[in-house]
Structures are given as structure tokens and as C-alpha cells.
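Trainee: Sequence and predicted structure are below.
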Amino acid sequence: MDISTQEIKRAMVMTVKGRVDSATAPDLENALKQLVDGEKAQIVLDLNDVEYMSSAGLRAMVSTLKAVKRINGDLRLCAPSPRVAEVLRLAGLTSIFNLYPTQAEAVDSF
């Protein structure tokens, strides 16, 4: 798994590539936690190049969403790969996350 982060306008955009599974999900959670601890509360998670997302990855996203909501922020998802979009739908998470088709739309939503 590869993670890169950049600030675009008022949002921190984290791009994730590869597999998010039980071995790599802690790395994702730590990277997201660093943003929240740094009071970066407007986060966009770009999932376009994620080929696999396990329940551990979903947990990392949900815990981050709860943390940023406490500081009046939000975690928004963009461009999930078809496989990840299906996992989000099956897990019932499409109702708690704001999903956007492109990174630009997600950033502009803040």
C-alpha cells in the first residue's frame, strides 16, 4: 500500500494505492490520525487506486470519521474503485460517508 497526502484548497487529500488489509490498515489509520492530531479536519480520501479493502480498512475510515466530526470536520471519499465501492455498499457505509466521483468535487464540497 502507498499513501500520499497533499493540501488542496482547504482540504487535506490523502491518496491511497494498493491493498488495504489487516497488515496495511494500521498504516492508513496512523496516517489519518496524524492529520486529525494536526487539526486537519477536512479530509478527502482518494480510493481510486485501491484494489482491495478489508474490514480493518473500513474500521480505520469509520474511526477517523468519528474523530474529525468531534472537531467539526469531515472525512469524504472520492472515486472509489468498483471493488471498494461494492465493499462500502455491502458494509452499509454509503449512508455515513459522503462519496464523490472525482477528487475535485470532493475538495470543492468543503
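Mentor: That came through fine. Keep in mind that this is a model prediction, so the values were computed, not measured.
Trainee: Distance from the longest strand along the chain to the middle of the chain?
Mentor: Taking DSSP state E as the criterion, the chain has its longest strand at strand 42-53. On the basis of C-alpha atoms, centre = their mean, to the nearest Å, strand 42-53 sits 5 Å off its chain's mean C-alpha point.
Trainee: I'd like the average pLDDT over it.
Mentor: The pLDDT scores in strand 42-53 average 96.
Trainee: Need phi/psi at residue 57.
Mentor: phi -70, psi -40 (degrees, to the nearest 10).
Trainee: Now do the same contact list for it.
Mentor: The contact partners of residue 57, taken as C-beta atoms under 8 Å, 6 or more residues apart in numbering, are 20, 21, 24, 25, 28. C-beta coordinates here come from the backbone N, C-alpha and C atoms, glycine included.
Trainee: from these, which is closest to residue 93?
Mentor: Taking C-beta to C-beta as the measure, residue 20 is the one of the contacts of residue 57 closest to residue 93, at 13.6 Å.
Trainee: list the buried ones in stretch 44-53?
Mentor: 44, 45, 46, 47, 50, 53 (16 or more other C-beta atoms under 10 Å).
Trainee: Good, wrapping up.
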